[in-house]
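**Student:** fold the following.
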Amino acid sequence: MSPIQTPNLTIPDMIEGNAKWIPDRTAWVHGDRRVTWKEFSARVNRVANVLTGLGIEKGDRVALLMPDSIETAEIQRSAASTCSGH
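**Tutor:** Predicted structure coming up:
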């Protein structure tokens, strides 16, 4: 199976599609750490749920000041999907 390929694909759609179709492939590498698409998707969804629980909603802005890391990527994607209404 191959990942979903469409020009209208959003980032949340891409993350979920890759988690479904290629769950065990590497999504992110930082130093010697690797995260699969399944792990990345689960972590992004978990953080998005926390943001929603804190009252963050579509149209809100979330600022981050973090060093480069897998966690930074997860939080960026979580905030983007929460604030865009996905």
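**Student:** tell me where the protein has strands.
**Tutor:** Counting by DSSP state E, the chain has strands at residues 26-30, 33-36.
**Student:** format those as JSON lines; extra columns: mean pLDDT.
**Tutor:** Converted to JSON lines, the strands of the chain look like this (pLDDT from 0 to 100):
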{"stretch": "strand 26-30", "mean pLDDT": "95"}
{"stretch": "strand 33-36", "mean pLDDT": "96"}
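**Student:** in CSV, list the ones you listed along with distance to S78 and mean neighbour count.
**Tutor:** Yep, even glycine has a C-beta here, placed from its N, CA and C like the rest. Formatted as CSV, those follow (distance: least, C-beta to C-beta, whole Å; neighbours: other C-beta atoms under 10 Å):
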stretch, distance to S78, mean neighbour count
strand 26-30, 14, 15
strand 33-36, 14, 14
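**Student:** quick check: V62 touching A48?
**Tutor:** No: V62 is not in contact with A48 according to C-beta atoms under 8 Å; the separation is 10.9 Å.
**Student:** shared neighbours, the two?
**Tutor:** Here V62 and A48 share the contacting residues A79, T82, scored by C-beta atoms under 8 Å, 6 or more residues apart in numbering.
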